[in-house]
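Chemist: Got a predicted model here, sequence first, then my questions.
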Amino acid sequence: MSKLKTDFDQLVLANPLMPASGPLVGDDKKMRFLQDAGCGAIVTKTISTKSPKIPKPCIYGDKQYVMNSELWSEHGLDRWIDDFLPNYQKSNDRPLIVSAGYTKEDMEVLIPALDPFADAFEISTHYVGTDLSVIAQTVKTIRRHTNKPVYMKISPHIPDPAAFAKTIKEAGANGIVAINSLGPTMHIDLESRSVRYGNDDGFVWMSGPVIKPIALATVRTLRQAEPDLTIIGVGGVASADDVLEFLLAGADAVQMLSAALIKGKDLYAKIIQDLPKALERYDFDSIEAVREASLKNAVAYQASLPVLNQDKCIECMLCEKVCPYFAIEFKDKITFNPETCFRCGLCVSKCPTQAITMP
(Lines give C-alpha, C1' and ligand atoms only; values in the text may rest on other atoms or scores of the structure.)
Protein backbone atom coordinates (compact mmCIF):
# COMPACT_ATOMS: atom_id res chain seq x y z
CA MET A 1 0.00 0.00 0.00
CA SER A 2 1.33 3.41 -0.93
CA LYS A 3 0.34 4.84 2.45
CA LEU A 4 2.87 2.50 4.10
CA LYS A 5 5.77 3.45 1.82
CA THR A 6 8.87 5.11 3.21
CA ASP A 7 12.18 6.00 1.60
CA PHE A 8 15.62 7.31 2.54
CA ASP A 9 19.08 7.36 0.94
CA GLN A 10 17.61 6.16 -2.40
CA LEU A 11 16.21 3.07 -0.68
CA VAL A 12 12.46 2.61 -1.22
CA LEU A 13 10.57 0.42 1.26
CA ALA A 14 6.96 -0.71 0.73
CA ASN A 15 6.55 -0.43 4.51
CA PRO A 16 8.84 0.63 7.37
CA LEU A 17 9.25 -2.78 9.06
CA MET A 18 12.35 -4.92 8.57
CA PRO A 19 13.96 -7.71 10.61
CA ALA A 20 16.82 -6.88 12.93
CA SER A 21 20.09 -8.73 12.54
CA GLY A 22 19.98 -12.04 14.40
CA PRO A 23 19.02 -15.71 14.21
CA LEU A 24 15.95 -15.16 12.00
CA VAL A 25 18.10 -13.86 9.13
CA GLY A 26 20.96 -16.34 9.34
CA ASP A 27 20.79 -17.71 5.78
CA ASP A 28 19.02 -17.23 2.44
CA LYS A 29 16.00 -19.40 3.34
CA LYS A 30 15.32 -17.44 6.52
CA MET A 31 15.69 -14.12 4.71
CA ARG A 32 13.29 -15.30 2.01
CA PHE A 33 10.74 -16.23 4.69
CA LEU A 34 10.80 -12.65 5.96
CA GLN A 35 10.61 -11.30 2.44
CA ASP A 36 7.49 -13.42 1.90
CA ALA A 37 6.11 -12.11 5.20
CA GLY A 38 6.13 -8.66 3.59
CA CYS A 39 9.02 -6.88 5.30
CA GLY A 40 9.92 -3.61 3.59
CA ALA A 41 13.64 -4.41 3.62
CA ILE A 42 15.76 -7.38 4.67
CA VAL A 43 18.79 -7.33 6.98
CA THR A 44 21.33 -10.15 7.21
CA LYS A 45 22.77 -11.66 10.34
CA THR A 46 26.04 -9.94 11.24
CA ILE A 47 28.87 -11.34 9.13
CA SER A 48 32.43 -11.24 10.40
CA THR A 49 35.84 -12.54 9.37
CA LYS A 50 35.91 -15.45 11.77
CA SER A 51 33.37 -17.93 13.10
CA PRO A 52 32.24 -17.47 16.71
CA LYS A 53 32.33 -19.99 19.54
CA ILE A 54 28.68 -20.13 20.62
CA PRO A 55 27.62 -21.62 23.97
CA LYS A 56 24.53 -23.85 23.98
CA PRO A 57 21.78 -23.22 24.90
CA CYS A 58 22.13 -19.62 23.78
CA ILE A 59 18.65 -18.04 23.61
CA TYR A 60 16.28 -17.57 26.54
CA GLY A 61 12.80 -16.13 26.00
CA ASP A 62 10.54 -14.55 28.61
CA LYS A 63 7.31 -12.55 28.26
CA GLN A 64 9.00 -9.19 27.76
CA TYR A 65 12.58 -9.97 26.82
CA VAL A 66 15.01 -12.30 25.12
CA MET A 67 18.52 -13.08 26.33
CA ASN A 68 20.94 -14.16 23.61
CA SER A 69 24.59 -15.19 23.77
CA GLU A 70 24.64 -16.26 20.12
CA LEU A 71 27.15 -13.58 18.92
CA TRP A 72 27.50 -13.05 15.13
CA SER A 73 26.85 -15.42 12.22
CA GLU A 74 27.96 -18.99 12.78
CA HIS A 75 28.76 -19.18 9.06
CA GLY A 76 31.97 -17.80 7.61
CA LEU A 77 32.31 -15.06 4.99
CA ASP A 78 32.87 -17.58 2.19
CA ARG A 79 29.54 -19.31 2.88
CA TRP A 80 27.75 -15.97 2.65
CA ILE A 81 29.33 -14.76 -0.59
CA ASP A 82 29.38 -18.18 -2.30
CA ASP A 83 26.01 -19.50 -1.18
CA PHE A 84 23.53 -17.48 0.91
CA LEU A 85 23.76 -14.08 -0.76
CA PRO A 86 23.79 -15.27 -4.40
CA ASN A 87 20.87 -17.63 -3.72
CA TYR A 88 18.87 -14.93 -1.98
CA GLN A 89 19.68 -12.35 -4.64
CA LYS A 90 17.90 -14.45 -7.28
CA SER A 91 14.51 -13.71 -5.73
CA ASN A 92 15.19 -10.46 -3.86
CA ASP A 93 12.88 -7.61 -4.82
CA ARG A 94 13.51 -5.13 -2.00
CA PRO A 95 16.48 -3.42 -0.32
CA LEU A 96 19.02 -5.75 1.27
CA ILE A 97 21.00 -4.33 4.17
CA VAL A 98 24.08 -6.41 4.88
CA SER A 99 25.15 -6.41 8.53
CA ALA A 100 28.90 -6.64 9.13
CA GLY A 101 31.24 -6.36 12.09
CA TYR A 102 33.38 -5.42 13.83
CA THR A 103 36.81 -3.82 13.60
CA LYS A 104 38.46 -1.53 11.07
CA GLU A 105 40.64 -4.45 10.00
CA ASP A 106 37.55 -6.62 9.47
CA MET A 107 36.06 -3.95 7.20
CA GLU A 108 39.07 -4.07 4.89
CA VAL A 109 38.10 -7.67 4.10
CA LEU A 110 34.31 -7.68 4.52
CA ILE A 111 33.15 -4.61 2.63
CA PRO A 112 34.83 -5.35 -0.73
CA ALA A 113 33.58 -8.95 -0.58
CA LEU A 114 30.00 -8.04 0.39
CA ASP A 115 29.55 -4.86 -1.63
CA PRO A 116 28.25 -6.60 -4.81
CA PHE A 117 25.30 -8.00 -2.85
CA ALA A 118 24.41 -5.05 -0.60
CA ASP A 119 22.04 -2.15 -1.18
CA ALA A 120 23.29 -0.74 2.13
CA PHE A 121 25.44 -1.74 5.08
CA GLU A 122 24.67 -1.95 8.79
CA ILE A 123 27.82 -1.99 10.90
CA SER A 124 27.68 -3.31 14.44
CA THR A 125 29.91 -1.56 16.99
CA HIS A 126 28.98 -3.93 19.80
CA TYR A 127 32.50 -5.17 20.48
CA VAL A 128 34.45 -2.10 19.38
CA GLY A 129 34.21 -0.14 22.63
CA THR A 130 33.34 3.48 23.31
CA ASP A 131 36.30 5.30 21.75
CA LEU A 132 34.68 7.50 19.10
CA SER A 133 37.98 8.01 17.26
CA VAL A 134 38.16 4.24 16.67
CA ILE A 135 34.57 4.23 15.42
CA ALA A 136 35.36 7.18 13.11
CA GLN A 137 38.31 5.30 11.62
CA THR A 138 36.07 2.28 11.07
CA VAL A 139 33.56 4.42 9.14
CA LYS A 140 36.32 5.97 7.01
CA THR A 141 37.68 2.52 6.21
CA ILE A 142 34.22 1.35 5.12
CA ARG A 143 33.69 4.45 3.00
CA ARG A 144 36.90 3.77 1.07
CA HIS A 145 35.41 0.48 -0.12
CA THR A 146 31.78 1.37 -0.90
CA ASN A 147 29.48 4.13 -2.10
CA LYS A 148 26.43 2.37 -0.63
CA PRO A 149 24.58 3.83 2.39
CA VAL A 150 26.27 2.97 5.69
CA TYR A 151 24.37 2.78 8.98
CA MET A 152 26.33 2.42 12.20
CA LYS A 153 24.55 0.44 14.93
CA ILE A 154 24.87 2.12 18.32
CA SER A 155 25.16 0.08 21.50
CA PRO A 156 23.54 1.20 24.77
CA HIS A 157 26.96 1.42 26.44
CA ILE A 158 27.91 4.42 24.27
CA PRO A 159 27.84 7.23 26.87
CA ASP A 160 27.03 10.12 24.50
CA PRO A 161 24.72 9.20 21.59
CA ALA A 162 24.77 12.77 20.25
CA ALA A 163 28.56 12.73 20.04
CA PHE A 164 28.39 9.31 18.38
CA ALA A 165 26.01 10.71 15.76
CA LYS A 166 28.22 13.72 15.06
CA THR A 167 31.31 11.52 14.79
CA ILE A 168 29.90 8.99 12.34
CA LYS A 169 28.30 11.72 10.22
CA GLU A 170 31.59 13.59 9.86
CA ALA A 171 33.35 10.30 9.02
CA GLY A 172 30.97 9.61 6.13
CA ALA A 173 28.15 7.41 7.44
CA ASN A 174 24.56 7.96 6.31
CA GLY A 175 22.84 7.12 9.55
CA ILE A 176 22.41 5.07 12.69
CA VAL A 177 20.59 1.92 13.76
CA ALA A 178 19.47 2.45 17.36
CA ILE A 179 19.83 0.44 19.55
CA ASN A 180 21.73 -2.80 19.95
CA SER A 181 20.93 -5.25 22.75
CA LEU A 182 21.44 -4.25 26.38
CA GLY A 183 24.02 -5.76 28.65
CA PRO A 184 25.73 -7.45 30.17
CA THR A 185 22.74 -9.07 31.88
CA MET A 186 22.38 -12.38 33.70
CA HIS A 187 19.93 -15.26 33.99
CA ILE A 188 20.19 -17.49 37.07
CA ASP A 189 18.55 -20.89 37.40
CA LEU A 190 17.75 -21.21 41.11
CA GLU A 191 16.98 -24.92 41.06
CA SER A 192 20.38 -25.88 39.66
CA ARG A 193 22.16 -22.90 41.24
CA SER A 194 23.77 -22.19 37.90
CA VAL A 195 23.99 -19.90 34.91
CA ARG A 196 22.75 -21.86 31.89
CA TYR A 197 22.57 -19.00 29.39
CA GLY A 198 25.61 -16.81 28.93
CA ASN A 199 29.22 -16.49 27.88
CA ASP A 200 32.24 -17.84 29.77
CA ASP A 201 31.68 -15.18 32.44
CA GLY A 202 27.98 -16.02 32.79
CA PHE A 203 26.77 -12.85 31.08
CA VAL A 204 24.32 -12.45 28.22
CA TRP A 205 22.74 -9.61 26.16
CA MET A 206 19.07 -8.66 26.48
CA SER A 207 16.61 -7.35 23.90
CA GLY A 208 12.86 -7.22 23.31
CA PRO A 209 9.92 -5.10 24.50
CA VAL A 210 11.55 -4.41 27.88
CA ILE A 211 14.22 -2.18 26.28
CA LYS A 212 11.81 -0.11 24.17
CA PRO A 213 11.87 2.97 26.47
CA ILE A 214 15.68 3.12 26.20
CA ALA A 215 15.54 2.69 22.42
CA LEU A 216 12.90 5.40 22.01
CA ALA A 217 14.91 7.85 24.10
CA THR A 218 18.05 7.13 22.10
CA VAL A 219 16.24 7.64 18.79
CA ARG A 220 14.84 10.94 20.06
CA THR A 221 18.28 12.08 21.27
CA LEU A 222 19.87 11.22 17.93
CA ARG A 223 17.15 12.95 15.90
CA GLN A 224 17.46 16.13 17.93
CA ALA A 225 21.24 16.08 17.67
CA GLU A 226 21.51 15.35 13.92
CA PRO A 227 18.25 16.10 12.06
CA ASP A 228 19.68 15.07 8.67
CA LEU A 229 20.90 11.58 9.58
CA THR A 230 18.86 8.51 8.69
CA ILE A 231 17.76 6.68 11.84
CA ILE A 232 16.50 3.09 11.92
CA GLY A 233 14.85 2.36 15.26
CA VAL A 234 15.20 -1.05 16.87
CA GLY A 235 14.69 -2.40 20.37
CA GLY A 236 11.26 -3.43 21.60
CA VAL A 237 9.06 -3.24 18.51
CA ALA A 238 6.19 -5.70 18.99
CA SER A 239 3.12 -4.05 17.43
CA ALA A 240 1.95 -1.56 14.82
CA ASP A 241 1.63 1.04 17.58
CA ASP A 242 5.30 0.50 18.47
CA VAL A 243 6.26 1.17 14.85
CA LEU A 244 4.42 4.49 14.93
CA GLU A 245 5.99 5.43 18.27
CA PHE A 246 9.49 4.94 16.87
CA LEU A 247 8.65 6.98 13.76
CA LEU A 248 7.18 9.76 15.90
CA ALA A 249 10.33 9.75 18.06
CA GLY A 250 12.39 10.37 14.93
CA ALA A 251 13.05 7.04 13.17
CA ASP A 252 12.76 6.67 9.39
CA ALA A 253 12.09 2.93 9.61
CA VAL A 254 12.20 0.18 12.25
CA GLN A 255 13.59 -3.28 12.84
CA MET A 256 12.18 -6.13 14.92
CA LEU A 257 13.45 -9.54 15.94
CA SER A 258 13.08 -10.41 19.62
CA ALA A 259 9.29 -9.99 19.73
CA ALA A 260 9.05 -12.58 16.95
CA LEU A 261 11.07 -14.98 19.12
CA ILE A 262 8.61 -14.36 21.96
CA LYS A 263 5.30 -14.27 20.09
CA GLY A 264 6.03 -16.13 16.85
CA LYS A 265 7.45 -15.43 13.41
CA ASP A 266 4.01 -14.57 11.98
CA LEU A 267 4.21 -11.30 13.94
CA TYR A 268 5.89 -9.55 10.98
CA ALA A 269 2.92 -10.14 8.68
CA LYS A 270 0.48 -9.21 11.45
CA ILE A 271 2.16 -5.86 12.15
CA ILE A 272 2.23 -4.97 8.45
CA GLN A 273 -1.44 -5.92 8.19
CA ASP A 274 -2.25 -3.83 11.30
CA LEU A 275 -0.38 -0.69 10.21
CA PRO A 276 -3.15 0.86 8.04
CA LYS A 277 -5.65 0.59 10.90
CA ALA A 278 -3.12 2.02 13.35
CA LEU A 279 -2.54 5.00 11.06
CA GLU A 280 -6.27 5.60 10.86
CA ARG A 281 -6.73 5.22 14.61
CA TYR A 282 -4.22 8.00 15.32
CA ASP A 283 -5.34 10.27 12.45
CA PHE A 284 -2.37 9.76 10.14
CA ASP A 285 -2.92 9.26 6.41
CA SER A 286 0.49 7.70 5.71
CA ILE A 287 3.80 6.58 7.18
CA GLU A 288 5.35 9.74 5.74
CA ALA A 289 2.84 11.80 7.76
CA VAL A 290 4.05 10.13 10.96
CA ARG A 291 7.68 10.84 10.06
CA GLU A 292 6.86 14.49 9.39
CA ALA A 293 4.80 14.96 12.58
CA SER A 294 6.35 16.81 15.49
CA LEU A 295 6.54 15.12 18.87
CA LYS A 296 5.14 17.39 21.58
CA ASN A 297 6.35 17.52 25.16
CA ALA A 298 3.16 17.57 27.22
CA VAL A 299 4.90 17.37 30.61
CA ALA A 300 3.25 19.58 33.26
CA TYR A 301 3.86 20.26 36.95
CA GLN A 302 0.24 20.42 38.04
CA ALA A 303 -2.52 17.87 37.51
CA SER A 304 -6.09 17.30 38.57
CA LEU A 305 -7.30 14.60 40.94
CA PRO A 306 -7.87 11.26 39.14
CA VAL A 307 -11.42 10.61 37.97
CA LEU A 308 -13.18 7.23 38.01
CA ASN A 309 -15.49 5.99 35.28
CA GLN A 310 -17.56 3.66 37.42
CA ASP A 311 -19.07 1.87 34.42
CA LYS A 312 -15.59 0.63 33.44
CA CYS A 313 -14.40 -0.19 36.97
CA ILE A 314 -14.28 -3.92 37.78
CA GLU A 315 -13.33 -3.29 41.43
CA CYS A 316 -10.12 -5.29 41.15
CA MET A 317 -8.55 -2.90 43.69
CA LEU A 318 -5.22 -2.92 41.88
CA CYS A 319 -5.11 0.88 42.06
CA GLU A 320 -5.41 0.77 45.86
CA LYS A 321 -2.74 -1.92 46.12
CA VAL A 322 -0.16 -0.06 44.06
CA CYS A 323 -0.80 3.54 45.19
CA PRO A 324 2.48 4.73 46.78
CA TYR A 325 0.72 7.59 48.61
CA PHE A 326 -2.05 5.49 50.26
CA ALA A 327 -4.56 7.87 48.67
CA ILE A 328 -7.02 5.33 47.23
CA GLU A 329 -9.64 3.35 49.08
CA PHE A 330 -12.98 1.69 48.42
CA LYS A 331 -16.08 3.53 49.79
CA ASP A 332 -18.96 2.03 47.80
CA LYS A 333 -16.66 2.83 44.89
CA ILE A 334 -13.02 3.72 44.31
CA THR A 335 -12.29 7.10 45.88
CA PHE A 336 -9.26 9.38 45.78
CA ASN A 337 -8.18 11.38 48.81
CA PRO A 338 -7.47 14.92 47.53
CA GLU A 339 -5.22 15.66 50.53
CA THR A 340 -2.87 12.69 50.16
CA CYS A 341 -3.08 12.06 46.40
CA PHE A 342 0.16 13.24 44.78
CA ARG A 343 -1.31 13.20 41.25
CA CYS A 344 1.52 10.87 40.20
CA GLY A 345 -0.56 9.04 37.58
CA LEU A 346 0.45 5.48 38.50
CA CYS A 347 -3.17 4.39 39.01
CA VAL A 348 -4.06 5.70 35.55
CA SER A 349 -1.36 3.64 33.86
CA LYS A 350 -2.02 0.48 35.91
CA CYS A 351 -5.84 0.32 35.64
CA PRO A 352 -6.60 -2.76 33.47
CA THR A 353 -9.86 -1.32 32.10
CA GLN A 354 -8.78 2.32 31.72
CA ALA A 355 -11.45 3.30 34.23
CA ILE A 356 -9.21 5.97 35.78
CA THR A 357 -8.26 9.14 33.96
CA MET A 358 -6.48 12.32 34.97
CA PRO A 359 -7.95 15.39 33.22
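Modeler: Everything's here; your move.

Chemist: Just give the nearest non-adjacent residue to Gln35, would you?
Modeler: Leaving aside its chain neighbours, Gln35 sits nearest to Ile42 (5.8 Å; criterion: Cβ to Cβ, 6 or more residues apart in numbering). Backbone N, C-alpha and C define where each C-beta goes, glycine included.

Chemist: I'd assumed Asp93 was in contact with the one you found.
Modeler: No: contact between Ile42 and Asp93 fails when scored by Cβ atoms under 8 Å: they sit 10.0 Å apart.

Chemist: anything in contact with each of the two?
Modeler: Taking Cβ atoms under 8 Å, 6 or more residues apart in numbering as the criterion, Ile42 and Asp93 both touch Gln35.

Chemist: Kindly report the domain assignment for this structure.
Modeler: 2-292, 307-357 (automatic domain parsing).

Chemist: mind checking the end-to-end distance for the last one?
Modeler: So the one you mean is domain 307-357. When the termini of domain 307-357 are compared using Cα to Cα, to the nearest Å, they are 5 Å apart.

Chemist: How far away from the center of its chain is it?
Modeler: 33 Å (Cα atoms, centre = their mean, to the nearest Å).

Chemist: model confidence over that domain, on average?
Modeler: Averaging pLDDT along domain 307-357 gives 96.

Chemist: for stretch 234-241, same thing?
Modeler: Across stretch 234-241, pLDDT averages out at 98.

Chemist: So what touches that stretch?
Modeler: Applying Cβ under 8 Å, 6+ apart, the set of residues contacting stretch 234-241 from outside is 17, 20, 177-181, 207-216, 218, 242-243, 246, 254-259, 262-263, 267, 271, 274-275, 277-278.

Chemist: If any of these are buried, give me the PyMOL selection for them.
Modeler: The following PyMOL line selects those of these that are buried, judged by 16 or more other Cβ atoms under 10 Å:
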select buried, resi 17+20+177+178+179+180+181+207+208+209+210+211+212+215+216+218+242+243+246+254+255+256+257+258+259+262+267+271+275+278
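
Chemist: Pretty sure Lys104 sits against Thr138.
Modeler: Yes: with contact defined as Cβ under 8 Å, Lys104 reaches Thr138; the gap is 4.7 Å.

Chemist: As a check, name the ranges of all helices in the stretch 201-350 of the chain.
Modeler: 212-225, 240-249, 258-263, 267-281, 287-292, 318-322, 346-350 (DSSP state H, counting those that start in this stretch).

Chemist: I'd like these as CSV, with distance to His187 appended.
Modeler: Shown next, in CSV, are the helices of the stretch 201-350 of the chain (distance: least, Cβ to Cβ, whole Å):
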stretch, distance to His187
helix 212-225, 19
helix 240-249, 24
helix 258-263, 15
helix 267-281, 23
helix 287-292, 36
helix 318-322, 27
helix 346-350, 27
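
Chemist: Of the ones you listed, which is nearest Arg196?
Modeler: Among those, helix 258-263 comes nearest to Arg196, with 17.2 Å by Cβ to Cβ.

Chemist: and Ile42 and Asp93? which has more neighbours close in?
Modeler: Higher neighbour count among Ile42 and Asp93: Ile42, with 22 against 6, using other Cβ atoms under 10 Å.
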